[in-house]
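>>> sequence first, then the predicted structure, then my questions.
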Amino acid sequence: MVKTANSKEDIEGIEMINIGMVGHIDHGKTTLLYKITGKFADTHSEELKRGITIKLGYADTVIEKAGKKRYVSFVDCPGHEMLMATMLSGAALIDAAILVIAANEGIKPQTKEHLVALQAKKINKIIILQNKIDLITKEQALESYKKIKEFVKGTIAENAPIIPVSAQQDINIEKIKEMLLEIEIPKRDISSKPEFLIARSFDINRPGTKIESLHGGVIAGILKKGKLKVGDEIEIKPGIMEKQANQFFYKPIKTKIVSIYRGTHQINEATPGGSLAFETELDNILTRADSLSGCIASIPGGLPEISNSLKLKYSLFPEVLGTSEKIKTEDLKLSEMIMLSINTTTTVGKITKIRNSEAEFTLKIPVVPIKGDTIGIARNIANHWRLIGFGEIL
């Protein structure tokens with residue numbers, strides 16, 4: 001049997017991997033995640049009440065079998081069509097993915113959208129879970145399997161394993177854990193300047209905490225590259241928005257790392273792999289309610305300057321994704337407003353120049369343009385942002 005450990009045991013030196021839970025709404029991602037980790041990733045009362053994931057959800061666990069041990073950080077990505085930008089933010093945080101498809105419902109628009117997003121983000125380590133097999137007959141399950149095989153043919157997931165499961169009946173949950181131990185860990189870059197992608201920021205102090213017991217603001221996310229340790233000074237960009245002479249601008253902020261946590265485990269040095277939380281010296285007013293979500297942290301001077309413009313090389317899909325009907329993707333147009341998803345942030349840009357497959361944008365919210373980073377491109381179609389392509393920062 002595969003052991004799932006949630007205790008505060010030593011995690012020094014064990015393998016770390018980030019896994020994304022993706023797929024259409026109501027196909028069972030969050031429930032499966034609970035069965036794997038013993039934790040619900042939905043931490044917001046509104047999400048529990050409505051039964052859908054609105055923000056990115058997080059859960060960590062240690063999986064162990066036959067002497068092999070791995071620390072797994074899960075990112076639960078929303079499957080609702082109106083939350084594609086949030087899903088793309090989640091895709092920036094992961095090394096591999098679990099694509100959940102409900103056997104009783106089959107392939108849905110967001111199933112396709114999520115798979116293409118994984119492909120564009122070059123996430124090629126995928127496990128497909130054919131969920132809810134307890135709700136259908138053996139013949140229907142076989143037919144569903146054939147449709148999934150046809151769906152992934154020619155894609156990055158063509159050779160991905162397909163595991164029939166039931167979250168409600170605990171069918172093949174142990175098999176999922178075994179597969180998670182077999183996924184190849186990507187090569188980590190620990191020699192470059194650090195890039196810490198901030199997905200959340202918050203205040204951990206309870207109301208009424210005495211001043212001498214107060215903790216500083218917390219930023220959480222993943223370390224894409226480099227190393228950071230307790231005591232390091234960091235710079236967060238774009239930082240906080242300030243108003244001056246009726247104009248808004250962003251100001252980077254500097255702080256120090258007070259403590260580092262990987263789940264419930266306190267560590268002294270952070271390296272890529274697994275989700276991380278840094279307690280800082282920041283006033284909590286700066287970190288409350290995810291106010292620094294979408295920012296990037298590094299050592300002072302380790303990141304490019306903040307920019308209100310962006311140049312990228314782009315590629316559009318033949319058809320718009322996420323819709324039930326087929327809509328041909330038209331090329332980008334001058335002055336068009338486009339939604340751009342960059343790492344864990346989303347901004348809207350106005351196209352100022354197009355030449356061949358390159359486009360330039362002026363941005364509503366400034367970004368930290370790191371050359372080579374992948375960008376999701378979405379167009380507003382019938383009041384919904386629809387994924388139409390991807391680009392690379394030049």
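Yes, it's here.

>>> which ones are touching residue 361?
309, 310, 311, 312, 338, 340, 349, 350, 351, 352 (Cβ atoms under 8 Å, 6 or more residues apart in numbering). For the C-beta atoms, the positions are set from N, CA and C on the backbone; glycine is no exception.

>>> and stretch 153-162, end to end?
13 Å (Cα to Cα, to the nearest Å).

>>> check which residues of stretch 254-267 are buried.
By neighbour count on 16 or more other Cβ atoms under 10 Å, the buried set for stretch 254-267 is 255, 257, 258, 259, 260, 261, 262, 263, 265, 267.

>>> wait, which of the contacts of residue 361 is closest to residue 145?
Closest approach to residue 145 among the contacts of residue 361 (Cβ to Cβ): residue 340, at 36.9 Å.

>>> residues in contact with that closest one?
Contacts of residue 340 (Cβ under 8 Å, 6+ apart): 310, 346, 347, 348, 349, 361, 363, 375, 376, 377, 378, 391.

>>> repeat that with 6 Å
Neighbouring residues of residue 340 by Cβ atoms under 6 Å, 6 or more residues apart in numbering: 347, 349, 375.

>>> for the nearest residue to residue 276 once chain neighbours are set aside, list each beta-bridge partner.
Closest residue to residue 276 apart from its sequence neighbours, by Cβ to Cβ, 6 or more residues apart in numbering: residue 270 at 5.2 Å. The bridge-partner assignment for residue 270, based on DSSP bridges, gives residue 228.

>>> pLDDT-wise, which helix or strand of this structure ranks last?
Lowest mean confidence among the helices and strands of the chain (mean pLDDT, DSSP states H and E): helix 45-50, at a mean of 37.

>>> and after it, which helix or strand comes next?
Counting by DSSP states H and E, the next helix or strand C-terminal to helix 45-50 is strand 57-65.

>>> what is the neighbour count of the closest residue to residue 292 other than its chain neighbours?
In this structure, residue 292 finds its nearest non-sequential neighbour in residue 201, 3.8 Å apart by Cβ to Cβ, 6+ apart. With neighbours defined by other Cβ atoms under 10 Å, the count for residue 201 comes to 26.

>>> just the helices from the stretch 101-250 of the chain, written as ranges.
Secondary structure of the stretch 101-250 of the chain, counting by DSSP state H, counting those that start in this stretch: helices at 109-120, 138-152, 173-182.

>>> can you say which of those helices is packed in most?
helix 109-120 (a mean of 22; mean count of other Cβ atoms under 10 Å).

>>> returning to what we had before: now the contacts of residue 361: which count as buried?
310, 311, 312, 338, 340, 349, 351.

>>> relative to residue 241, how far out is the closest residue to residue 256 other than its chain neighbours?
Excluding the flanking residues, the one nearest residue 256 by Cβ to Cβ, 6+ apart is residue 281, at 4.9 Å. According to Cβ to Cβ, to the nearest Å, residue 281 and residue 241 sit 20 Å apart.

>>> columns distance to residue 181, secondary structure and pLDDT on top of the contacts of residue 361, output as a markdown table?
Putting the contacts of residue 361 into a markdown table (distance: Cβ to Cβ, whole Å; DSSP: H, G, I helix; E, B strand; the rest coil; pLDDT from 0 to 100) gives the following:
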| residue | distance to residue 181 | secondary structure | pLDDT |
| --- | --- | --- | --- |
| 309 | 45 | strand | 97 |
| 310 | 40 | strand | 97 |
| 311 | 42 | strand | 97 |
| 312 | 37 | strand | 96 |
| 338 | 41 | strand | 95 |
| 340 | 36 | strand | 92 |
| 349 | 41 | strand | 96 |
| 350 | 47 | strand | 97 |
| 351 | 46 | strand | 98 |
| 352 | 49 | strand | 98 |
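
>>> picking that back up, among the buried ones among the contacts of residue 361, which one lies nearest to residue 385?
residue 338 (9.2 Å).

>>> list the residues that contact the closest residue to the closest one other than its chain neighbours.
Computed as Cβ to Cβ, 6+ apart, the closest residue to residue 338 that is not its neighbour in sequence is residue 349, at 5.5 Å. Neighbour list for residue 349: 338, 340, 361, 363 [criterion: Cβ under 6 Å, 6+ apart].

>>> counting neighbours, what do you get for the residue nearest to residue 364 when sequence neighbours are not counted?
Leaving aside its chain neighbours, residue 364 sits nearest to residue 348 (4.7 Å; criterion: Cβ to Cβ, 6+ apart). Neighbourhood size, residue 348 [other Cβ under 10 Å]: 16.

>>> and what of the one 5 residues further on?
The tally of other residues near residue 353 (other Cβ under 10 Å) stands at 12.

>>> helix or strand for it, which one?
Using DSSP H and E, residue 353 falls in strand 345-355.

>>> would you list the strands that that strand pairs with, along with their directions?
Partners of strand 345-355 in the sheet, by DSSP bridges, are strand 337-342 (antiparallel), strand 358-367 (antiparallel).

>>> and which of the buried residues of stretch 254-267 is nearest residue 293?
residue 255 (16.1 Å).

>>> before I go, just wanted to say thanks for your time.
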